[in-house]
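Trainee: Based on what follows, work out the 3D shape:
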Amino acid sequence: MSSTPKPPRGQKAALHLARVLLFALVVGLIHRAHVVRLDRDALMPPTSVSIQDIRGLFPSAQSLSVAPDERGLRQVLDHNGEVLGSFLRTSPSADAVIGFCGPTDTLLAFDRDHRVLGAKILQSQDTRDHVAQIRDDVDFLSDLRGLTWSEASTSTGVDGVAGATLTSLAIQEGLLLRLGGGEVSLRFRDAIELQDAQDLFPSATRLAQMVGSASRWYVLGAGNAKLGSLLRTAPAADSIVGYQGPSDTLLGFGPDGRVVGLKLLKTYDNEDYAVHLREDDYYPKQFLGLSLVELGALDPKQARIDGVSGATLISNAVTEGLIVAAKRASVPPAPWLEWQLRDVGTAIVVLLGIVIGLSSLRAKKRLRVAFLLVLVAYLGVMNSDMLSCAQFVGWAQHGIPWRTAGGLFLLTMAAFLIPLATKRNLYCSHLCPHGALQQLVRGRIGWQVAVPKRLARTLRLVPFALLAVALIVATTGAAFSLVDLEPFDAWVFSVAGWPTLAVAVVGLLASFFVPMAYCRYGCPTGALLRFLAHSDRWSRRDTAAATLVLMAAALSL
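Mentor: Presented below is the predicted three-dimensional model:
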């Protein structure tokens, strides 16, 4: 009996590449649809804060001031018009801070004495159940209460919320980003406008203030791409006087951290001199290519920085202001990785899973069972590090938080790269806590159910149907929480919603009677990973994947 001939190596490589491209195209379409929604929403007025939003913090509040002050604070008034306190919101400054799968807009309130009164989540694009867990935790951010703006802007002692660690830490980082160090210029109160940034970065679409600095911003373009950064000399240079007053200057740094241009903003100096400085093409070129540290250490005489003819005093003052502001802003760079102990533990477990799964060790029953228990106890119960459609969609939309969620990032990379390299779905078999639990209960009762072949073929379509639902939600922005499609949030019982719990309980009970029932007939994440590790021939699974891509393209357009 002749066997089916193997496809040529070139054909196998082409099919392998086609699957990778299909997956990459889906990620691109999800991101594009999200960017289009962001651009559309940018044309609409931002969601306003209502009295109902702040009454939990100010019970007697009756009205809010119309315009914010120079720091973005709005006053809260009682029925007599007396000031009860003030508040700010972290969005849009913190929109680039991703928790588990998205950013969060938080309200921070201050009392009459300008000390932190409390905080409240206004809206979030992170996982619904994680956000609900944080809302219910009365102790979250309690360490900030009573602190001044400046004290709160440097406070890093806030603990994460159990079961929602990544989301809660991202909220704290967003608050630090919004508070920006506590420095305020009394002479130059006007906020930096987008047009100011666009004069240096023409394709800029918005600004995001840097953590710990009142005078530095990231410049973001379409899709939240980082175009560079800005340094404002106020308030560092407020005391540096040229001919008759100080000047406020904006300095642009490119993606490589080097000066690409500068712009004179408001000045109290003689306007005729300021015009000479603004119209001089040579003066800004003397600073091009300098890094922040180099600018902060610059000696104008040794560097032969020339002033502007006819505006010598104001240009010399601007030069001194640039150096002073750069020196103050020259802080040690943020660590390349901001891993916690939990991330290191996850990395170790992932490494062990790879070694066991790709070697003969997987045949040793005692070792395999012991490792399954580690997966359940550590990755599952302690860390809740599991992959999901909600996570994939969130990362495709907002970006990958690889610096702050190192363990989950490494787990994700292992899940996607190993099937591409080895055609083995190692995550589902050796790294997923939910799959490990199903392996542990497999065959524990005597009565096992044999699923009829026709029914089994039908049930195998369920994961692809769920993938289609996730794709529709991701590309249309439909108001549906993707965590409800899968059981993984149930591992943190306190944050899980009823749909998630129901999927978890039903899937686990079914696995007592049908081996690996949920993995085989219910898991969309597993279906995606199996697609990447599929056979060397085009199959109905590939046709289904191509159909999903076409559907995503149609929806995104």
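
Trainee: what's the spacing between the most centrally placed residue in the chain and A33?
Mentor: For the chain, the residue nearest the mean C-alpha position is I98 (2.0 Å; C-alpha atoms, centre = their mean). Taking C-beta to C-beta, to the nearest Å as the measure, I98 falls 17 Å from A33. Using the backbone N, CA and C atoms, a C-beta is placed for each residue, glycine as well.

Trainee: for E320, same thing?
Mentor: 48 Å.

Trainee: again with L440
Mentor: Taking C-beta to C-beta, one finds L440 at 40 Å from A33.

Trainee: Comparing these two, which residue is more hemmed in?
Mentor: Neighbours were counted for L440 and for A33 using other C-beta atoms under 10 Å; A33 has more, 20 against 14.

Trainee: Determine the three-state secondary structure at that one.
Mentor: helix (DSSP: H, G, I helix; E, B strand; the rest coil).

Trainee: Contact partners for it?
Mentor: 474-477, 555-556 (C-beta atoms under 8 Å, 6 or more residues apart in numbering).

Trainee: which of the residues you listed has the most neighbours?
Mentor: Ranking these using other C-beta under 10 Å puts A474 first, with 27 neighbours.

Trainee: From A234, how far off is G252?
Mentor: Taken as C-beta to C-beta, the span from G252 to A234 is 16 Å.

Trainee: Which residue of these two possesses the greater neighbour count?
Mentor: Set G252 next to A234 and count neighbours by other C-beta under 10 Å: A234 wins out with 26 against 23.

Trainee: Give me the pLDDT for the more buried one.
Mentor: Looking at A234, its pLDDT stands at 85.

Trainee: for L194, same thing?
Mentor: pLDDT, L194: 91.

Trainee: was I right about it contacting P202?
Mentor: No - judged on C-beta atoms under 8 Å, L194 makes no contact with P202 at a distance of 11.4 Å.

Trainee: between those two, which one's more packed in?
Mentor: With neighbours defined as other C-beta under 10 Å, L194 and P202 compare such that L194 has more, 12 against 9.

Trainee: how near is the more buried one to E271?
Mentor: Taking C-beta to C-beta, one finds L194 at 24 Å from E271.

Trainee: quick one: the strands in this protein?
Mentor: With DSSP state E as the criterion, the chain has strands at 63-64, 74-77, 83-89, 104-111, 116-124, 206-209, 216-220, 226-232, 247-253, 259-267.

Trainee: Just name the most buried of these.
Mentor: Per-stretch averages of neighbours, counted by mean count of other C-beta atoms under 10 Å, single out strand 247-253 among those, with a mean of 24.

Trainee: what about that strand, average pLDDT?
Mentor: Mean predicted lDDT for strand 247-253 stands at 93.

Trainee: what sits up against that strand?
Mentor: By C-beta under 8 Å, 6+ apart, the residues outside strand 247-253 that reach it are 185, 187-188, 192, 196-197, 200-201, 219, 228-234, 237, 240, 259-269, 274, 287, 292, 295, 314, 317-318, 321-322, 325-326.

Trainee: again, only using 7 Å
Mentor: Under the criterion C-beta atoms under 7 Å, 6 or more residues apart in numbering, residues 188, 192, 196, 200-201, 228-234, 259-267, 269, 292, 314, 317-318, 321-322 lie in contact with strand 247-253.

Trainee: just stretch 512-521 next, same as before
Mentor: By C-beta under 7 Å, 6+ apart, stretch 512-521 touches 428, 435, 438, 441-445, 447-449, 451, 459-460, 462, 507, 510-511, 526.

Trainee: Buried among the residues you listed? Make that a ChimeraX selection.
Mentor: Restricted to buried positions by 16 or more other C-beta atoms under 10 Å, the ChimeraX selection for these reads:
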select :428,435,438,451,459,507,510,511,526
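
Trainee: still on that earlier bit, how about TSV for the contacts of A33, with distance to R74 and pLDDT added?
Mentor: Formatted as TSV, the contacts of A33 follow (distance: C-beta to C-beta, whole Å; pLDDT from 0 to 100):
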residue	distance to R74	pLDDT
A474	34	87
T475	36	86
T476	34	85
G477	29	80
L555	38	71
S556	37	68
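
Trainee: Can I get these in CSV including distance to R135?
Mentor: Putting the contacts of A33 into CSV (distance: C-beta to C-beta, whole Å) gives the following:
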residue, distance to R135
A474, 25
T475, 28
T476, 26
G477, 23
L555, 31
S556, 32
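
Trainee: for those, which one is nearest R55?
Mentor: When those are ranked by distance to R55 (C-beta to C-beta), G477 comes first, at 29.7 Å.

Trainee: Quick check: the closest one vs A33, distance?
Mentor: From G477 to A33 the distance is 7 Å (C-beta to C-beta).

Trainee: now do L207
Mentor: Counting by C-beta to C-beta - L207 and A33 are separated by 24 Å.

Trainee: Same question for A236.
Mentor: Where A33 is concerned, A236 sits at a distance of 42 Å (C-beta to C-beta).

Trainee: Please apply the same query to R55.
Mentor: 36 Å.

Trainee: before we move on, what about I314?
Mentor: Taken as C-beta to C-beta, the span from I314 to A33 is 49 Å.

Trainee: try L375
Mentor: 34 Å.

Trainee: which ones are touching A204?
Mentor: By C-beta under 7 Å, 6+ apart, the neighbours of A204 are 194, 197-198, 219-221, 227.

Trainee: out of those residues, which one sits closest to L408?
Mentor: Taking the contacts of A204 together and measuring to L408 by C-beta to C-beta, the closest member is L220, at 24.0 Å.

Trainee: On the pLDDT front, check the closest one for me.
Mentor: pLDDT, read off for L220, is 93.

Trainee: try the one 5 residues further on
Mentor: For A225, the pLDDT comes out at 88.

Trainee: Next, count neighbours for it.
Mentor: Neighbours of A225 (other C-beta under 10 Å): 13.

Trainee: got the phi/psi numbers for it?
Mentor: Torsion angles at A225 (phi, psi; degrees, to the nearest 10) stand at phi -70, psi 130.

Trainee: Can you pull the domain assignment for this protein?
Mentor: The record's domain parsing of the chain by automatic domain parsing lists 9-21+337-556, 51-179, 194-329.

Trainee: Pretty sure Q439 sits against L372.
Mentor: Yes - Q439 lies in contact with L372 (C-beta atoms under 7 Å); the separation is 5.6 Å.

Trainee: got the buried residues for stretch 533-548?
Mentor: So for stretch 533-548, counting by 16+ other C-beta under 10 Å, buried means 533-534, 541-542, 544-545, 548.

Trainee: hey, what's L220 bridged with?
Mentor: Judged by DSSP bridges, the bridge partners of L220 are R206, K226.

Trainee: if I read this right, it contacts F201, doesn't it?
Mentor: No - with contact defined as C-beta under 7 Å, L220 does not reach F201; the gap is 9.3 Å.

Trainee: residues shared between the contacts of these two?
Mentor: With C-beta under 7 Å, 6+ apart, L220 and F201 have common neighbours L227.

Trainee: what's the neighbour count on A465?
Mentor: A465: 12 neighbours (other C-beta under 10 Å).

Trainee: Just list the residues touching it, thanks.
Mentor: Per C-beta under 7 Å, 6+ apart, neighbours of A465: none.

Trainee: and if you look at the one 4 residues further on?
Mentor: Shown in contact with V469 (C-beta under 7 Å, 6+ apart): L485.

Trainee: Check what pLDDT it gets.
Mentor: 90.

Trainee: Use 46 as the first number from now on
Mentor: All set: I'll call the first residue 46, so the last point we hit is now V514.

Trainee: Could you tell me how far it is located from S526?
Mentor: Distance from V514 to S526, by C-beta to C-beta: 12 Å.

Trainee: go on, V128?
Mentor: V128 is 39 Å from S526, by C-beta to C-beta.

Trainee: low pLDDT regions in the stretch 146-295 of the chain?
Mentor: 195, 198-205, 207-208, 222, 225-232, 234, 256-258 (pLDDT under 70).

Trainee: actually the stretch 346-495 of the chain, sorry about that
Mentor: In the stretch 346-495 of the chain (pLDDT under 70), the answer is 376-383.
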